[in-house]
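# predicted model, plus sequence, below.
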Amino acid sequence: MTQWISAPFGVTAAGEAVTCWTGRCGDYTVQVLTYGAALRSFRVPAPEGSRDILLGFDTLGDYEAQDKYMGATVGRVANRIGGASFVLEGHTYPLAANNGPNCLHGGVRGFDRAVWTARLEGEELLLTHHSPDGDEGFPGGLEVEVRYGLDEAGALSITYQARSDRDTLCSLTNHSYFNLAGHGAGTLEGQSICVHADAITVTDGDSTPTGERLAVDGTPFDLRESVPFLEGLAKAHPQLELGKGYDHNFVLHDLPAGPLRTAAEVTGHGLHLTCRTTQPGLQLYTANYLAGERGKEGAVYGPRSAFCLEAQGWPDAIHHPDFPSIVLHRGETYRQCTVYQVEKSR
């Protein structure tokens, strides 16, 4: 049984109170902030007793000051929209170009900057947010829900739901930074990854998909068998050079159909993480742009000190008709689920 308690976590610069919710189930503990509906901590049983495997910050001020989406729920559209605009039903919607020429993770003040409303529903923590029509340039008033659940087997579930009163775009994800050695361990040494995907979407110099898909065979993106992170990152490939490491969408939509499919697995330092999702894509990111941010307990977070497994719709899907659609029509319900399960290695 998961038990939740809440505690104040400070007040934003705009005067909004933020709460930290702590959920405990068996030997596992998770912390969720109402700021950005963000995961702040995931403490798991480890050989030495207990280990926090999520990067994060000690104060709300640190969360407001950073721009790395640490642990946050991101939207209205995760990842990049090329050219910071899109056309829907014949109307052009200009967006903020907050990542070179692209709109990234919903714009300047996306869902990661919102203070969400939280309440308990049974053993789950439910966070809700209203994104008004025109928010960051997107059409339609969007009602969003994110549910966090935790069980005794170490499965941390994130369930997303959204509805709009107009046709709009919607693609949500969680941007947690994991390090199985512990949030302050400093590198990904001793950790290996497997991604169950046969292709990636190719990106240009602005990390925008070109529309081309690249088969992983014979490339550093062939992670279908477990590969040490540092070994894969050391290989030469134009796509790795453009992204300064892994920062790519892996194509999952050809995996066997089902409510949840295993997308990726990471092992190391006595732990095994499995990522299962209903989403069609997985953005693998090796924290290439962390720049020495000072995190929890004084830890310093540098490049490649963590990995992100961002299950989501494909980036820039609105500009590529052959990509899975991220259009949410009026009256429809957006539903997706991702589960991160962490166990001791067998």
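That came through fine.
# dihedrals phi and psi, the spatially most distant residue from the centre of the chain?
For the chain, the residue at maximal distance from the C-alpha centroid (CA atoms, centre = their mean) is G90, at 30.7 Å. As for G90, its main-chain torsions (degrees, to the nearest 10) stand at phi 80, psi 0.
# separation between it and D167?
With distances taken as CB to CB, to the nearest Å, G90 is found 11 Å from D167. From N, CA and C alone the C-beta is placed, and that goes for glycine too.
# please apply the same query to K344.
Taken as CB to CB, the span from K344 to D167 is 46 Å.
# neighbour count: these two, which is higher?
The residue with more neighbours, out of K344 and D167, is D167; 16 against 13, by other CB atoms under 10 Å.
# hmm, the more buried one is touching G141, no?
No: the pair D167 / G141 is not scored as a contact, 12.0 Å apart, by CB atoms under 8 Å.
# got any ranges where this protein has weak pLDDT?
Low-confidence segments of the chain (pLDDT under 70): 257-258.
# one more time with 90, if that's ok
The chain contains residues with pLDDT under 90 at 47-48, 253-259, 345-346.
# what about the helices in it?
For the chain, helices defined by DSSP state H occupy the ranges 60-65, 229-233, 238-243.
# what does the last one rub up against?
Residues outside helix 238-243 that contact it (CB atoms under 8 Å, 6 or more residues apart in numbering): 200, 202-205, 207, 214, 219-221, 233, 246, 248, 288.
# give me the buried subset of those.
Neighbour counting by 16 or more other CB atoms under 10 Å classes I200, V202, T203, S207, L214, T219, P220, F221, L233, Y246, H248 among those as buried.
# need the max-distance pair from those.
With CB to CB as the measure, no two of those lie farther apart than V202 and L233, at 18.3 Å.
# inside strands: which ones of the buried ones among the contacts of helix 238-243?
Among the buried ones among the contacts of helix 238-243, the ones falling in strands (DSSP state E) are I200, V202, T203, L214, H248.
# and the first one, bridged to which residues?
Read that as I200. Legend: beta-bridge partners of I200 under DSSP bridges are L214, F250.
# next up, the contacts around G313.
V77, A78, N79, S171, Q279, P280, G281, P324, I326.
# typo on my end, F42
Applying CB under 8 Å, 6+ apart to F42 gives the contacts Y28, T29, V30, Q31, D52, I53, L54, L156, S176, Y340, V342.
# is it possible to get TSV of those that adds neighbour count and distance to T73?
Below are those laid out as TSV (neighbours: other CB atoms under 10 Å; distance: CB to CB, whole Å):
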residue	neighbour count	distance to T73
Y28	22	20
T29	16	20
V30	24	14
Q31	20	14
D52	21	20
I53	25	19
L54	26	14
L156	25	14
S176	26	10
Y340	26	14
V342	23	20
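# G107 reaches A97, doesn't it?
No: using CB under 8 Å, G107 makes no contact with A97, being 9.2 Å away.
# what about the two, which has more around it?
G107 (23 against 16).
# could you pull up the residues touching that one?
Contact partners of G107, counting by CB under 8 Å, 6+ apart, are L95, A96, N98, E136, G137.
# before we move on, what about T159?
Counting by CB under 8 Å, 6+ apart, T159 touches E145, V146, R147, G149, R335, Q336, C337.
# go again using 7 Å as the cut-off
By CB atoms under 7 Å, 6 or more residues apart in numbering, T159 lies in contact with R147, C337.
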